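Participant: What follows is a protein structure lacking sequence information:
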């Protein structure tokens, strides 16, 4: 196994659940705790195994799960196609922003390398099949569009 990866599952102020990386520079939010735990496990698996820690409202670790990289997961990983994306990276203040040019996905990091690594993870999550906890509501909205 490569160096251990960890992800932290925490409830945010808006009541959603976030998967936070080791560097805590960004978080991916989910509607339910279970969705966040599943996403965290998938990320840790894809990075070679490690720990998923779930935190309670008091900030203490409520649950810690060791995620091994097993043969079944390796087979599942090999089921996916690999694509190459072009990324634009620029600095905003102390942060580097990385944005995929082919699709509207972006991330940030304290270095160019961490911004690109975070973008890679964001793209993987973007293409991950959705796991809704309920059927989505479909709405039609009317928008006035004027000439600029």
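Facilitator: Thanks, I have it. Only a predicted model underlies this, so the values are computations on that prediction, with no experimental measurement involved. Numbering: from 1, shown residues only.

Participant: next helix or strand past the least confident helix or strand in the chain by mean pLDDT?
Facilitator: In the chain, no helix or strand scores lower on mean pLDDT, DSSP states H and E than helix 71-77, which sits at a mean of 56. As assigned by DSSP states H and E, the chain's next helix or strand after helix 71-77 is strand 87-92.

Participant: Could you list the residues in contact with that next one?
Facilitator: 96, 97, 98, 99, 100, 101, 108, 112, 115, 116, 119 (Cβ atoms under 8 Å, 6 or more residues apart in numbering). From N, CA and C alone the C-beta is placed, and that goes for glycine too.

Participant: Same question for stretch 29-40.
Facilitator: Identification of contacts with stretch 29-40 by Cβ under 8 Å, 6+ apart yields 7-9, 11-12, 16-19, 28, 52, 54, 65, 125, 128, 131, 133.

Participant: ok, of those, which come out buried?
Facilitator: Listed as buried from those are 7, 8, 9, 16, 17, 18, 19, 28, 52, 54; burial here means 16 or more other Cβ atoms under 10 Å.

Participant: Would you agree the second one falls within a strand?
Facilitator: Read that as residue 8. Yes - assessed with DSSP: H, G, I helix; E, B strand; the rest coil, residue 8 lies in a strand.

Participant: Give me the neighbour count for residue 89.
Facilitator: 15 (other Cβ atoms under 10 Å).

Participant: Next up, phi/psi of the residue lying closest to residue 106 once chain neighbours are set aside, please.
Facilitator: Once flanking residues are discounted, residue 106 sits nearest to residue 99: 4.0 Å by Cβ to Cβ, 6 or more residues apart in numbering. With angles defined as degrees, to the nearest 10, residue 99 sits at phi -130, psi 130.

Participant: so how far is the helix or strand residue 39 falls within off the chain centroid?
Facilitator: Secondary structure from DSSP H and E places residue 39 in helix 33-46. Centroid separation for helix 33-46 versus its chain: 9 Å, with Cα atoms, centre = their mean, to the nearest Å.

Participant: Make CSV from the buried ones among the contacts of stretch 29-40 and add distance to residue 89 to it.
Facilitator: Converted to CSV, the buried ones among the contacts of stretch 29-40 look like this (distance: Cβ to Cβ, whole Å):
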residue, distance to residue 89
7, 24
8, 26
9, 29
16, 28
17, 29
18, 24
19, 23
28, 20
52, 29
54, 33
